[in-house]
Each structure stands twice: as structure tokens, then as C-alpha cells.
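Trainee: Sequence first, predicted model second:
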Amino acid sequence: MLVEYYTFKNGEERHTVEIDIEEGIYGDNLEEIQIINQKISEAANLPIGTFKFRRVL
């Protein structure tokens, strides 16, 4: 699944990354956002807290 996230190192920068998550997880609640954040962290090699999940594309 392709997701969009922002980093803030040089101002606000938009990025996308492909992550592997279960069907039906879209970031609609805190639990889903935590799962997506973990997957973004692993796929983009970024520590949690250094980016903000925006949306599923």
C-alpha cells in the first residue's frame, strides 16, 4: 500500500513509501495509525517521531 508522510528536517517535505499492511487498515483510528507509523519507520528507515503520517494513497 502506498502512503504519504511528511518530514520536517528542511521545512515540511512530502514523501511517499510503499508499505506492506493488512487489507482494510487506512489510519482511521489511533491503533491503525500506530501500525502505519511502524511500517513507515521500517520502510523509510526513519525513527518514529521524525515524520507524520498523512494519508493512504
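Mentor: In hand now; what should we look at? For clarity, every value in this text was computed on a predicted model and none was experimentally measured.
Trainee: Pull out the buried positions in stretch 30-37.
Mentor: Neighbour-count burial for stretch 30-37, with 16 or more other Cβ atoms under 10 Å as criterion, is recorded at 32, 36-37. C-beta here means a position set from N, CA and C on the backbone, and glycine is covered the same way.
Trainee: which outside residues touch it?
Mentor: 3, 19, 21, 25-27, 48, 51, 53, 56 (Cβ atoms under 8 Å, 6 or more residues apart in numbering).
Trainee: State the pair within these that is farthest apart.
Mentor: Farthest apart among the contacts of stretch 30-37 by Cβ to Cβ are Y26 and I48. That separation is 19.1 Å.
Trainee: what about those two, which has more around it?
Mentor: Applying other Cβ atoms under 10 Å to Y26 and I48 shows that Y26 carries more neighbours, namely 14 against 11.
Trainee: Figure out the helix or strand that that one lives in.
Mentor: Following DSSP states H and E, one finds Y26 outside all helices and strands.
Trainee: right, and it touches V56 too?
Mentor: Yes - at 5.1 Å, Y26 counts as touching V56 under the criterion of Cβ atoms under 8 Å.
Trainee: what about the closest residue to I48 other than its chain neighbours, helix or strand, and which?
Mentor: Among residues not flanking I48 along the chain, S41 sits closest, at 5.0 Å (Cβ to Cβ, 6 or more residues apart in numbering). Element membership of S41, judged by DSSP H and E, is helix 30-44.
Trainee: send the alpha carbons of that helix over as CSV?
Mentor: Only the C-alpha atoms of helix 30-44 are listed here, as CSV (Å, rounded to 0.1, in the frame of the first residue of the first chain):
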residue,chain,number,x,y,z
LEU,A,30,-5.1,5.5,16.8
GLU,A,31,-4.3,1.8,16.6
GLU,A,32,-4.2,1.8,12.8
ILE,A,33,-2.1,5.0,12.8
GLN,A,34,0.4,3.3,15.1
ILE,A,35,0.6,0.3,12.8
ILE,A,36,1.1,2.5,9.8
ASN,A,37,3.7,4.6,11.6
GLN,A,38,5.7,1.5,12.5
LYS,A,39,5.6,0.3,8.9
ILE,A,40,6.7,3.7,7.5
SER,A,41,9.5,3.8,10.1
GLU,A,42,10.7,0.4,8.8
ALA,A,43,10.3,1.1,5.1
ALA,A,44,11.8,4.6,5.1
